[in-house]
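> Quick one: sequence plus predicted model below, questions after.
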There are 2 protein chains.
Amino acid sequence: MKLTVRDIFEKKSELIENDIEIMAWVKNLRDSKNIVFIELSDGTCFKPIQIVVDKELENFEEVRKFNLYTGIRVFGKLVETKGAKQPIEIQAKEVELLADSLSDYPLQKKRHTFEYLRTMEHLRARTNTFNAVFRVRSLLSFAIHKFFNERGFLYIHTPIITGSDAEGAGEMFQVTTLDIENPPKNEDGKVDYTKDFFNKRTHLTVSGQLQGEAYSLSHRNIYTFGPTFRSENSNTARHAAEFWMMEPEISFADLHDNIALCEDMFKYIISYVLENAKDEMKFFDSFIEKGIIKRLEDVISKDFKVMTYTEAVEILKQSKEKFDYPVEWGIDLQTEHERYISEKVVNGPVFIIDYPKEIKAFYMRENDDHKTVAAMDLLVPGVGEIVGGSQREERLDILEKKIKDNHMKIEDYKWYLELRKYGGVKHAGYGLGFERMVMYLTGMKNIRDVIPFPRTVNSCDF
Amino acid sequence: MKLTVRDIFEKKSELIENDIEIMAWVKNLRDSKNIVFIELSDGTCFKPIQIVVDKELENFEEVRKFNLYTGIRVFGKLVETKGAKQPIEIQAKEVELLADSLSDYPLQKKRHTFEYLRTMEHLRARTNTFNAVFRVRSLLSFAIHKFFNERGFLYIHTPIITGSDAEGAGEMFQVTTLDIENPPKNEDGKVDYTKDFFNKRTHLTVSGQLQGEAYSLSHRNIYTFGPTFRSENSNTARHAAEFWMMEPEISFADLHDNIALCEDMFKYIISYVLENAKDEMKFFDSFIEKGIIKRLEDVISKDFKVMTYTEAVEILKQSKEKFDYPVEWGIDLQTEHERYISEKVVNGPVFIIDYPKEIKAFYMRENDDHKTVAAMDLLVPGVGEIVGGSQREERLDILEKKIKDNHMKIEDYKWYLELRKYGGVKHAGYGLGFERMVMYLTGMKNIRDVIPFPRTVNSCDF
């Protein structure tokens, strides 16, 4: 197998003093008169490997003129460099040009703003910041799969295209094969959707939860993890039109089982990233958000608190804090409220439970007070809400009434209601916005900077 | 933690002779006069656990009337049953009704056709076959992630919505927020896409490969794994409008590195499923496709052969076999040809490489003969092609010419061409249609039966 730069650092004790071959890109090049130092990177780890090229080398003059991001092959001896900044380097015996890089390469040494880098989404992953962000994104994905696999949860691919346009979680994109210039019409002069690909109007999903419930009621413990969509015209640093959601669903389980699972998962995935992305996390701590490692370590060392919505509202009302949005029982908590609770009151992660039923989705289980539902939001310092979930309404009559009260069509939910007719045991679940979690772990402040090719209002390039 | 049925089988040596509690569904119920036997399942494993309810039990009369798929809680002693069909059973001391199941439950004991079960996608996962299919699907997903994670590959989420409508891999769905009843028009009377959500026409992706290449040229070894779409009007057992694709991409690598990776991965994921889904694979072997375990074990024990397209065509021409499609150099191989090669000639998996450039995609690397490209298809017995891939054209001038020759717009590929300007080293990759692989592993013959909620022509329910 070919060596990667990661391999060299991981296996350095067995490779040291040996001749090795590495193919990678010139990330930096310092040219003294008689010697050239190359920082060589292949993107497999955060650190580059230093190459030392002596003027004795046959093609020394060629090497010193390499542009940034030239692809090269280096053959040479791996040696320890006691006292130097980098622990090891390669003394080059051969340097071969593999792929040229033109001199107008846009990522020159100077630092670029994230905004500028967004104009070159195909190249920005080559910078330190984005190299680290996308490694953390990948590790976080794997941590999620590993956590659930170890607990016997099934990964279910819920559909992206949906025939329901009323899941109530947000505005939706339409999916069609009709010719919009000249769509077929029916007798009433309306667009004839029986001619569309699926014989009906279809949209992009906003959540896999309802379908996930069907599989929770067959396989007990499942999770979904896939892209979801919102067509809201929100041009903010926290909204993307396309993003990934992770939604577990557990049967024979109530809200407290759900809270326990969420706390376990949250700690597990943070620990996994801290453990497996040490260099990247140090970089974020130094250059993106000071103190982020400490903040995350604090989170995983604490027992998460649980507080009812009613208690939270009381605390907010009695606080001396001046909020932009006034607090009354019945309001949806704003980020300022959520952060106050988790930062000033609890000083750590906290689940808020039992929200007023009017501000929560139709499928959440009504509590015995008939005023609240068995919902839970996880609030964390620095962010506010990061997870939302609930126990699901398993009682057929109450669920039917909720659907009608919300002016949704019963026939659209026939299958969902049937899940309650046949062994519809208590079940619960939650959703984690994956990009929000990547932002939380890296300190990155704009969702556009944690998605490889972000899709936002007016922006769908590359 | 609550016990699952899987836990009981896995931890039976420590649980035996102890009182345990289990919550699950009634999968089967045999009522003798003085005793009731319940097969209890919670979907966490293929096997049910047997519950024995004696007439001494207080609510014996209630228990014997349970409908199929009633959710119950059982408390009782786990005992060994020497000589019986099942190795262990629970002698019930308490049976509690958790969730009723109505008597019109549609999945009664008799066997149903897969076609009938497709009319109830929300319930069919409760049957033996679909319980097993979706566990294998989940395990296969995890095997893919595990394989690539162990090798340091980054998982990249490539975008679902794309601004390019010319990737050349198939017909595409349009994504829009325009009001199709009354779309905005520009001065020419055409639909004004500057008013659409992304300020342009957008579609659902057919492949993440091109974007994957950008990340291979930053992080070296990456893979994508996500939903892809085709709007072809193909109402066959092998076509779905929405399906998952897995596409690795490796840099500093040529076709032979690609072949080696693909063979490693293919064997790894099959081994993982054989190892982790023993009961399910036995079921498929008995009831879905006789001999499937042996066929898969054969595949992982063999070195995969490599043959050029030109050699394959020669062999096919010289064979005595009567093909529906005549063979000439230049044709696209049909399934009958692929199966003949892998079943009759090689008797095992075989990579066919170096296909005529006219029948392959524009991005595949042209060979020195100027007639073929460095493509590879993996053919397996029983199926034919299961993986397709290639080395990518890294030479700017040749790639530009290919784009023009294919009547594609250079400006749409500006970013893709730039990847070749700046350190565009040799790279390669392949794609595995995930559902095809699930079908291959389970013996299921219709793609609708390996997708939780399939989307096909005229069908987008649930």
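Yep, that arrived.
> all strands in the stretch 1-150 of chain A, in order from the N-terminus.
A:19-31, A:35-41, A:49-54, A:71-80, A:88-99 (DSSP state E, counting those that start in this stretch).
> now those strands as CSV including mean pLDDT?
Formatted as CSV, the strands of the stretch 1-150 of chain A follow (pLDDT from 0 to 100):
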stretch, mean pLDDT
strand A:19-31, 97
strand A:35-41, 97
strand A:49-54, 97
strand A:71-80, 98
strand A:88-99, 98
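> Adding distance to A:Ala241 and mean neighbour count as columns, could you present the ones you listed in a markdown table?
For glycine as for every other residue, the C-beta is placed from the backbone atoms N, C-alpha and C. Shown next, in a markdown table, are the strands of the stretch 1-150 of chain A (distance: least, CB to CB, whole Å; neighbours: other CB atoms under 10 Å in any protein chain shown):
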| stretch | distance to A:Ala241 | mean neighbour count |
| --- | --- | --- |
| strand A:19-31 | 32 | 19 |
| strand A:35-41 | 32 | 21 |
| strand A:49-54 | 39 | 20 |
| strand A:71-80 | 35 | 18 |
| strand A:88-99 | 35 | 18 |
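> and those as CSV, adding distance to B:Tyr105?
Output for the strands of the stretch 1-150 of chain A, formatted as CSV (distance: least, CB to CB, whole Å):
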stretch, distance to B:Tyr105
strand A:19-31, 61
strand A:35-41, 60
strand A:49-54, 63
strand A:71-80, 62
strand A:88-99, 63
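> closest one to B:Lys305 among these?
strand A:19-31 (28.1 Å; CB to CB).
> and the closest one, which strands flank it?
strand A:35-41 (antiparallel), strand A:71-80 (antiparallel) (DSSP bridges).
> quick check: angle from it to strand A:49-54?
80 degrees (axes from the mean of the first three to the mean of the last three CA atoms, to 10 degrees).
> just the angle between strand A:19-31 and strand A:88-99, please?
Using the same axes, to 10 degrees: strand A:19-31 against strand A:88-99 is 80 degrees.
> Go ahead and name everything in contact with strand A:19-31.
Residues from elsewhere that reach strand A:19-31, judged by CB atoms under 8 Å, 6 or more residues apart in numbering or on different chains: A:2-5, A:8, A:36-43, A:48-49, A:64, A:66-78, A:90, A:93, A:98, A:101, A:109, A:126, B:220, B:252, B:423, B:425.
> Please compute how far it lies from its chain's middle.
The chain centroid and the centroid of strand A:19-31 are separated by 32 Å under CA atoms, centre = their mean, to the nearest Å.
> Now tell me what touches stretch A:122-132 from outside.
Residues contacting stretch A:122-132 (CB under 8 Å, 6+ apart): A:25, A:41, A:43, A:46, A:69, A:106-107, A:112, A:114, A:117-118, A:134, A:277, A:279-280, A:283-284, A:287-288, A:442, A:449, A:452, A:462, B:211, B:214-215, B:217-219, B:415-416, B:418-419, B:422.
> my bad, should have said stretch A:363-375
A:209-210, A:254-255, A:308-310, A:353-357, A:360, A:388-394, A:398-399, A:402, A:428.
> now do the same end-to-end measure for it.
Terminal residues of stretch A:363-375 are spaced 10 Å apart (CA to CA, to the nearest Å).
> Let's have the strands paired with strand A:19-31 in a markdown table, adding distance to B:Leu261.
Formatted as a markdown table, the strands paired with strand A:19-31 follow (distance: least, CB to CB, whole Å):
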| stretch | distance to B:Leu261 |
| --- | --- |
| strand A:35-41 | 21 |
| strand A:71-80 | 19 |
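> Of all those, which one is nearest B:Ser319?
strand A:71-80 (43.4 Å).
> Convert the C-alpha atoms of that closest one to CSV, please.
Extracted C-alpha coordinates of strand A:71-80, given in CSV (Å, rounded to 0.1, in the frame of the first residue of the first chain):
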residue,chain,number,x,y,z
GLY,A,71,1.8,17.4,-6.8
ILE,A,72,5.1,15.6,-6.3
ARG,A,73,6.6,12.3,-5.4
VAL,A,74,9.4,12.3,-2.9
PHE,A,75,11.8,9.4,-2.1
GLY,A,76,14.1,9.9,0.8
LYS,A,77,15.1,9.0,4.3
LEU,A,78,12.8,9.7,7.3
VAL,A,79,14.8,11.1,10.1
GLU,A,80,14.2,12.5,13.6
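> quick one: that strand to chain centroid distance?
With CA atoms, centre = their mean, you get 36 Å for strand A:71-80.
> Stretch A:409-417 now?
Relative to the chain's own centre, stretch A:409-417 is displaced by 32 Å; criterion: CA atoms, centre = their mean.
> Need the per-residue pLDDT for A:Ile168.
Check again: residue A:168 is Gly, not Ile. pLDDT, A:Gly168: 56.
> That should have said A:Arg395, apologies.
For A:Arg395, the predicted pLDDT is 98.
> Could you pull up phi and psi at it?
Dihedral pair for A:Arg395: phi -90, psi 120, per degrees, to the nearest 10.
> I'd guessed it sits against A:Lys421; true?
No. Counting by CB atoms under 8 Å, A:Lys421 is not a contact partner of A:Arg395; they are 11.1 Å apart.
> ok so A:Ile270 is a helix residue?
Yes. Counting by DSSP: H, G, I helix; E, B strand; the rest coil, A:Ile270 is located in a helix.
> I figured it was touching A:Asp298, is that so?
No. Checked against CB under 8 Å, the pair A:Ile270 and A:Asp298 is beyond contact range at 10.4 Å.
> Could you check which of these two has the larger neighbour count?
A:Ile270 (19 against 14; other CB atoms under 10 Å in any protein chain shown).
> Now do that one, the pLDDT please.
We note a pLDDT of 98 for A:Ile270 in this prediction.
> Tell me the spacing between A:Val306 and A:Pro248.
18 Å (CB to CB, to the nearest Å).
> Compare neighbour counts for the two and give me the winner.
Remark: of A:Val306 and A:Pro248, A:Pro248 carries more neighbours, 27 against 16, as counted by other CB under 10 Å.
> Is it correct that that one is in contact with A:Phe148?
Yes. Counting by CB under 8 Å, A:Pro248 touches A:Phe148, with 6.8 Å between them.
> Quick check: neighbours shared by those two?
With CB under 8 Å, 6+ apart as the test, A:Pro248 and A:Phe148 both reach A:Asn221, A:Tyr223, A:Met265.
> Quick one: residues in contact with stretch A:226-235.
Under the criterion CB under 8 Å, 6+ apart, residues A:157-158, A:160, A:170-173, A:204-208, A:239, A:241-245, A:456-458, B:157, B:160-161, B:177, B:197, B:226-227 lie in contact with stretch A:226-235.
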